[in-house]
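Novice: Return atomic coordinates for the entry below.
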Amino acid sequence: MALLKSGWLWRQTSVLKRWKLNWCDLWIDGSFVFYKTESRRDYEAKVNLKATCVNVKSGLECPNVCPPESHPRENLLVVFLRDGNMLILCANSEDEALAWNLTLMEAKRNPVLTYNPYDDTYQTVPIDSHNAVYIMPSTASGGTQHVWVHRDSYDDNFGEQIALGLLAGMAAGAAMRSLLWMPFWFC
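Specialist: Numbers count the residues shown, from 1 in each chain. This next block holds a predicted model:
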């Protein structure tokens, strides 16, 4: 999948309303991914703009949002999502904010097309393209078949997250079990 734009953006967290500096990647299929570092090892959030984005505003169009310290209001970006939430971002300059705004609007609006050289046609890529499998049978007899598998590389540590959740649950269960028997120890 092709990368439309990447760079550093300040992102306001949804619960505590703190500003965090994230490396952001905007992919051609509309995936907007926020990473902790530029190495793209651990992602913090992922938003599919084609499915959830309603509108994008920037600069002085965002009157009720306070930018981070030492950043002017012109650097702000607000992405309005379908569920009523807002993704509040801040670029390092006004030009960068304008570039992100135009790229976000383009990623939200345009369909993704792939070229099929065997049929000389273009095919649209589904929104969930990172889990899609494409099979192109050959037209010649006895030819090979080409299989493309697009994996979601962001969920590679899914097993680790399940293991940590199970470990935390067992530790909490052991602590609760010992606390429930405490009143009988003093009788």
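Novice: what's the spacing between the most centrally placed residue in the chain and Ala171?
Specialist: A centroid search over the chain (Cα atoms, centre = their mean) returns Lys46, at 1.7 Å, as the residue closest to the centre. Between Lys46 and Ala171 the computed distance is 29 Å (Cβ to Cβ, to the nearest Å). From N, CA and C alone the C-beta is placed, and that goes for glycine too.
Novice: Please name the residues that touch Asn55.
Specialist: Listed by Cβ atoms under 8 Å, 6 or more residues apart in numbering, the contact set of Asn55 reads Val79, Phe80.
Novice: Only alpha carbons, please: show the helix or strand hosting it as CSV.
Specialist: Element membership of Asn55 [criterion: DSSP states H and E] is strand 53-58. C-alpha atoms of strand 53-58 as CSV (Å, rounded to 0.1, in the frame of the first residue of the first chain):
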residue,chain,number,x,y,z
CYS,A,53,-14.2,10.8,8.5
VAL,A,54,-16.9,13.4,8.0
ASN,A,55,-15.0,16.7,7.7
VAL,A,56,-11.6,18.2,8.2
LYS,A,57,-11.0,21.8,9.4
SER,A,58,-7.8,23.7,10.0
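Novice: tell me the mean pLDDT for that strand?
Specialist: The average pLDDT within strand 53-58 is 86.
Novice: Also stretch 106-124?
Specialist: 72.
Novice: Ok, stretch 71-78 next?
Specialist: The model assigns stretch 71-78 a mean pLDDT of 88.
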